[in-house]
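here is my input; please provide its structure:
(2 chains)
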Amino acid sequence: MNFTSLDSFLAMGGHGLYVWLSYSVGLLVFIIAFVSPLLKRKRIMQELTQLQRRQKHMRTPNENTESIN
Amino acid sequence: MKWTFFHKLGSPKWFFDISGKLLPWFVVTGILLLVIGSIWGLVFAPKDYQQGDSFRIIYLHVPTAILAQSCYMMMAVSALVSLVWKMKLADIFITSAAPLGALFTFLALFTGAVWGKPTWGTWWVWDARLTAMLVLLFLYFGVISLQSAIDDIQLASKATSILVLVGVVNIPIIKYSVEWWNTLHQPATFKLTEKPAMVPEMWMPLLVMVIGIYCFFTAVVILRMRNEILMRERKTKWVQAFIFK
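Numbering: from 1, shown residues only, chains lettered A, B, ... in the order given. A predicted model of the protein is given here:
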């Protein structure tokens, strides 16, 4: 362990601003990289499910008018 | 020679199935290694006798910069495969990897600038290494916008592949810039042929971070490729069946 206290750890020998600025932007980049495809996956699944439903409606209209009520 | 393997590898459905099984392992390993490496580098690694604690930015900067370049090399290999064999998966990889490459190139430039301030006394200099890295960022932007500008998927794939291949000349410039020209940027920390110039307590966390960022990249690229496959193959039976499940 290099640091004797939490304060000295945060201060990073006077370079705290630079070190923590780098690592916080870094964390943000990693979160964006990981979360954005997950959100997109959700959107795609919704969109494709809707598309599939609509296509079924067109193919068998009678069946679907029954199932609505 | 058996070509069935090669064709299987190029099939989106085969990739979708196998990548789904591998994905959790890459996610867990990647995140775990990145967390361990960061804590190791920030807390336990000894400080540099010249730079003090600001050198700890290395544990983020170097892995990011390595990935930013090798992502481009992987795209170049895919571009060649895409042009020669018209393999769908190769083009899907390029589409999925380019935004990640841009993101990590940005991070490499940003952490470099923030590290440069206390070390060189300036955020930015127009030196060879930095300028070539900026060119890499613009190459990624070019690939992204070219691909989205052309509606016809096959034409877009061809044009993008050619752009990616032309841009490859930038990679050796980045790599050797610190040796060819006098520059502020320090030479490479890791070389395959030599022992690292650092003590093990310093380079071990760096190695953990490099492996971690590769695992993380693999995981995220798989996520993106699966999205891309679902969209492109949405009319096929197997995707319809997958969604209905």
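
any bit of the host helix or strand of A:L27 sitting next to chain B?
When elements are defined using DSSP states H and E, A:L27 is found to belong to helix A:16-59. Yes. If you take Cβ under 8 Å from any Cβ of the partner chain as the test, helix A:16-59 does meet chain B, through A:18-19, A:21-23, A:25-26, A:29-30, A:32-34, A:37-38, A:40-41, A:44-45, A:48-49, A:51-52. Just so you know, the C-beta spots here come from the backbone N, C-alpha and C atoms, and that holds for glycine as well.

which strands or helices does that helix pack on?
helix B:58-85, helix B:88-120, helix B:200-232, helix B:237-244 (3 or more Cβ pairs under 8 Å, 6 or more residues apart in numbering or on different chains; DSSP states H and E).

what secondary structure does A:T4 sit in?
Following DSSP: H, G, I helix; E, B strand; the rest coil, we place A:T4 in the coil state.

what about it, distance to B:S38?
20 Å (Cβ to Cβ, to the nearest Å).

quick one: residues contacting the residue most central in space within chain B.
Nearest residue to the geometric centre of chain B (Cα atoms, centre = their mean): B:C71, 3.2 Å. Contacts for B:C71 (Cβ atoms under 8 Å, 6 or more residues apart in numbering or on different chains) come out as B:97, B:100-101, B:104, B:217.

quick one, the helix holding A:L27 and helix B:237-244 angle?
When axes from the mean of the first three to the mean of the last three Cα atoms, to 10 degrees is applied, the directions of helix A:16-59 and helix B:237-244 differ by 100 degrees.

which stretches of chain B have low pLDDT?
B:1-9, B:182, B:191-193, B:195-196 (pLDDT under 70).

burial measure for the spatially closest residue to B:G212 that is not a sequence neighbour, as a count.
Spatial nearest neighbour of B:G212, excluding adjacent residues (Cβ to Cβ, 6 or more residues apart in numbering or on different chains): B:L33 at 3.0 Å. The local packing of B:L33 (other Cβ atoms under 10 Å in any protein chain shown) involves 20 other residues.

so what secondary structure elements neighbour the helix or strand hosting B:L33?
Assigned by DSSP H and E, B:L33 belongs to helix B:12-39. Packing partners of helix B:12-39 (3+ Cβ pairs under 8 Å, 6+ apart): helix B:58-85, helix B:88-120, helix B:200-232.

tell me which helix or strand of chain A sits lowest on mean pLDDT?
None of the helices or strands of chain A scores lower by mean pLDDT, DSSP states H and E than helix A:61-68, at a mean of 50.

so how far is B:Y59 from A:T4?
21 Å.

then A:S22?
Using Cβ to Cβ, which is the criterion applied here, A:S22 is 9 Å from B:Y59.

more neighbours: which of those two?
B:Y59 (28 against 25).

verify the contact between that one and B:I36 for me.
No. Using Cβ atoms under 8 Å as the test, B:Y59 is too far from B:I36 to be in contact (11.0 Å).

sorry, back to before: so which of A:T4 and B:S38 has more stuff around it?
Set side by side, A:T4 and B:S38 show more neighbours around B:S38, with 20 against 8, by other Cβ under 10 Å.

dump the residue contacts of the closest residue to the more buried one other than its chain neighbours.
Leaving aside its sequence neighbours, B:S38 sits nearest to B:Y59 (Cβ to Cβ, 6+ apart; 6.5 Å). Going by Cβ under 8 Å, 6+ apart, B:Y59 touches B:37-38, B:41-42, B:45, B:205-206, B:209.
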